[in-house]
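*Asks:* predicted coordinates and the sequence they were generated for:
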Number of protein chains: 2
Amino acid sequence: MAKVAILGYGTVGSGVADVLDINAAEVKDSAGEAIELKYILDIREFPGDKHEKQIVHDINIILDDPEIDVICETMGGIEPAFSFAKSALEKGKNVCTSNKELVAAHGPELVELAAKNGKSYLFEASVGGGIPLLRTLNDSMRHEKIDSVTGILNGTTNYILTKMDREGVGFATVLKAAQDKGYAEKNPEADVEGYDACRKIAILCSILSGKHADYEEIYTEGISRISIEDFDYAKSLGMAIKLLAMFRKNESGVVSMVAPFLIPYENPLANVNGVFNAINVHGNMLGDVMFYGKGAGKNATASAVVADVIEIVKHGDGHINVNMKAEKAHLAPKDNVVRQFFVRVPENDKNQALEIFGHTVEEIKGTNVHGEFAFLTSDISEKDFEEKLWKLDSVKGYLRLF
Amino acid sequence: MAKVAILGYGTVGSGVADVLDINAAEVKDSAGEAIELKYILDIREFPGDKHEKQIVHDINIILDDPEIDVICETMGGIEPAFSFAKSALEKGKNVCTSNKELVAAHGPELVELAAKNGKSYLFEASVGGGIPLLRTLNDSMRHEKIDSVTGILNGTTNYILTKMDREGVGFATVLKAAQDKGYAEKNPEADVEGYDACRKIAILCSILSGKHADYEEIYTEGISRISIEDFDYAKSLGMAIKLLAMFRKNESGVVSMVAPFLIPYENPLANVNGVFNAINVHGNMLGDVMFYGKGAGKNATASAVVADVIEIVKHGDGHINVNMKAEKAHLAPKDNVVRQFFVRVPENDKNQALEIFGHTVEEIKGTNVHGEFAFLTSDISEKDFEEKLWKLDSVKGYLRLF
């Protein structure tokens, strides 16, 4: 019988309790022994809750109990989660977490601390929610040379883009509706400006480089400037608009970025709609593999946390190797990445745009947009594009082509 | 240094050698030690091949060499692969395989034999080629109550259906072109009649039931009767036609079948095209998770075999638990499964069809098909549908709705 504690009885934490309760028989079968929830740390009381008796308010009760094997940190945020995770590992507890902010900021040093103490720090639920991605990268695909990862890693922005596309309604209106439904936070910045996707791709960059990728070095654009006119043009092009988080590795190094992209309908990522997430991974022998599922939500995320608990219990004593070191990863700037861009300027600025981008650009007509000149550039580097874009008197919008 | 042998130096076997060569550093990093290819068993000689010196013709050289830890059986077919696998496990070797025929027919007894001998029998590559599905079901998702699996498990048929859909060309012509390109076998029966998909879903049924699902008990229809007219109607319906292999579990038991289905474009499986495979798994807490990738091909399949080798090496001594016992699984007949069907009859038989299926059926118009009456039934059981279908004087085609 393995005994676990949950830190934070919020959405994910209560989901972990539910998975352990509802799937107790399956959890036991998978882990090889029963898993008992002994404590739940929260500052609140939960009178009448089925786990009322397990609620404690002092982390030391958990840290000092030699019966506790695994601690599930489902608090979110940096502090006090960081201090609790460090103390737990130092006291010889295994830790698993859904906390993407903490893993992006301090995951590699917590993995090193876990290794030093012969314990494990796992975080499957921090990227892609319920999608079993990290374990697969760490186990089944670790012998591949992975040169590319492309993900739709934020369900809120994908829901908003899907709604804008299908219903022809503008960003602000869709965001408001998403907030009313609970699909978007009251302060939506972390989602809509791409910061959440950025932290998740940073975690993937760390795993794939074996070092610590700093999310602050990852170029990040959100979706708040995407308009319904952009979707009109996208349809003419036979493409969807998706917020993509990317990792690319070649001879000159690793480049990572987050931005909205035009992506052809033929690409499976273009057909990932609503709150779903998907991640395409390309390995040198395996080719493309894509994973698709709920990137957030109580039960899906909680199921991934429980998968970590089970792996730790099955593994028994000792550290489970995770490919991350605290040493800083070198990320190359995106300057030299070459691709096509889609640009919209006022009709009056057509000649200026042709002068700057060349007469070989391909004009794109929307079906319901007028008074504009929209075009696809030929292949151009990010740096050159930026320089040219600055020369335009007025830009109504631009998007990268996948 | 772990030492392995390959049985069968064909497409997959030579791919395994390539993965071990080309990704040697990554394989070592993943396994924690280098993996050396010591023998390749084949009846042929390979003069000038880079592994010429490792070729042997007598299985006993491999079985009697105490240095060999893992044997990769990439021969295909039942015999002599079955005898070799049994002898290997009895002699204390671990075995991994890409051989779906053998795993479907005898996998569960080989898993039991492996357990008895404290060794492992793994077969990731037998379903979905390079897609890391079985390990995920066995590890990350084993604590889920999985009630549904729906897969596009055969790349050849998916390639043919995609070509028919996109190019409006009939089955026979596309099959011929696929054979010329090497995407379809000269004797295409195993693919186009659904037998290959049937064996793969049988393996999944065995893992998900923990027993041995007999593939001969799984109702199987292929795609050879699908016509370009069917695709015309499918487009009117906003649907694709896909050969789906299914597992469903509810209170009354497990039902499995393979058949072509109409599936709405909104479903991610409808957008899986060409030789790709995809598998959707539904768990009670996790919801839907989909895996997508190359279901066949030398390198992708070989990469999955190597993933098994690495798991065995990392695991060290002892049996890796796989949820399969030789005891026979009970599969319920599909009779009581209720769904809608799409049916085409000659225009002259419209009144007969309405009499048999009722006047509430929904007529479907194709854009280029004439002289027919096509319709969707209301919800009806498989058994009732079959009985009614027999009463029709003439049937031009029918499909199930997903």
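*Replies:* Cool, the structure landed.

*Asks:* would you mark the buried spots in stretch A:228-245?
*Replies:* For stretch A:228-245, burial by neighbour count (16 or more other Cβ atoms under 10 Å in any protein chain shown) applies to A:228-235, A:237, A:239-245. Yep, even glycine has a C-beta here, placed from its N, CA and C like the rest.

*Asks:* can you tell me if that stretch touches chain B.
*Replies:* No. Stretch A:228-245 is not in contact with chain B by Cβ under 8 Å from any Cβ of the partner chain; minimum separation 11.1 Å.

*Asks:* ok, which stretches of chain A are helices?
*Replies:* Taking DSSP state H, the helices of chain A run over residues A:11-22, A:24-31, A:59-63, A:81-90, A:100-116, A:134-138, A:155-167, A:171-181, A:189-192, A:195-209, A:228-237, A:298-315, A:350-357, A:382-391.

*Asks:* export those to TSV and tack on distance to B:Ala178?
*Replies:* Converted to TSV, those look like this (distance: least, Cβ to Cβ, whole Å):
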stretch	distance to B:Ala178
helix A:11-22	44
helix A:24-31	41
helix A:59-63	60
helix A:81-90	54
helix A:100-116	44
helix A:134-138	31
helix A:155-167	34
helix A:171-181	43
helix A:189-192	44
helix A:195-209	36
helix A:228-237	30
helix A:298-315	38
helix A:350-357	43
helix A:382-391	40
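
*Asks:* indicate which one of the ones you listed is closest to B:Asp214.
*Replies:* helix A:24-31 (23.3 Å; Cβ to Cβ).

*Asks:* could you pull out the buried residues of the closest one?
*Replies:* A:Glu26, A:Val27, A:Lys28, A:Asp29, A:Ser30, A:Ala31.

*Asks:* which positions in the stretch 151-300 of chain A make contact with chain B?
*Replies:* Near chain B, when you scan the stretch 151-300 of chain A using Cβ under 8 Å from any Cβ, you find A:266, A:268, A:271-273, A:283-294, A:297, A:299-300.

*Asks:* make a PyMOL selection of the buried ones in those.
*Replies:* The following PyMOL line selects those of these that are buried, judged by 16+ other Cβ under 10 Å:
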select buried, chain A and resi 268+271+272+273+283+285+286+287+288+289+290+291+292+293+294+297+299+300
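
*Asks:* doesn't A:Ser87 make contact with A:Leu113?
*Replies:* No. A:Leu113 is not in contact with A:Ser87 according to Cβ atoms under 8 Å; the separation is 10.3 Å.

*Asks:* give me the domain ranges for chain A.
*Replies:* For chain A, automatic domain parsing gives the domain ranges A:2-130+A:298-326, A:138-292, A:335-401.

*Asks:* could you work out the end-to-end span of the second one for me?
*Replies:* What it means is domain A:138-292. By Cα to Cα, to the nearest Å, the extent of domain A:138-292 from end to end equals 18 Å.

*Asks:* shouldn't A:Glu90 be in contact with A:Lys119?
*Replies:* No. Assessed by Cβ under 8 Å, A:Glu90 is found out of contact with A:Lys119, at 9.2 Å.

*Asks:* please say which of those two ends up with more neighbours.
*Replies:* A:Lys119 (23 against 14; other Cβ atoms under 10 Å in any protein chain shown).

*Asks:* now that one, nearest residue through space, not along the chain?
*Replies:* A:Asn94 (4.9 Å; Cβ to Cβ, 6 or more residues apart in numbering or on different chains).

*Asks:* tell me the confidence at the one you found?
*Replies:* Per-residue confidence (pLDDT) for A:Asn94: 98.

*Asks:* need the helices of chain A in CSV (columns: mean pLDDT).
*Replies:* Below are these laid out as CSV (pLDDT from 0 to 100):
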stretch, mean pLDDT
helix A:11-22, 97
helix A:24-31, 97
helix A:59-63, 98
helix A:81-90, 98
helix A:100-116, 98
helix A:134-138, 95
helix A:155-167, 95
helix A:171-181, 93
helix A:189-192, 96
helix A:195-209, 97
helix A:228-237, 97
helix A:298-315, 96
helix A:350-357, 97
helix A:382-391, 97
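
*Asks:* between the ones you listed, which one is closest to A:Glu45.
*Replies:* helix A:11-22 (14.2 Å).

*Asks:* so A:Ile241 touches A:Pro264, yeah?
*Replies:* No. Using Cβ under 8 Å, A:Ile241 is not in contact with A:Pro264, being 11.5 Å away.
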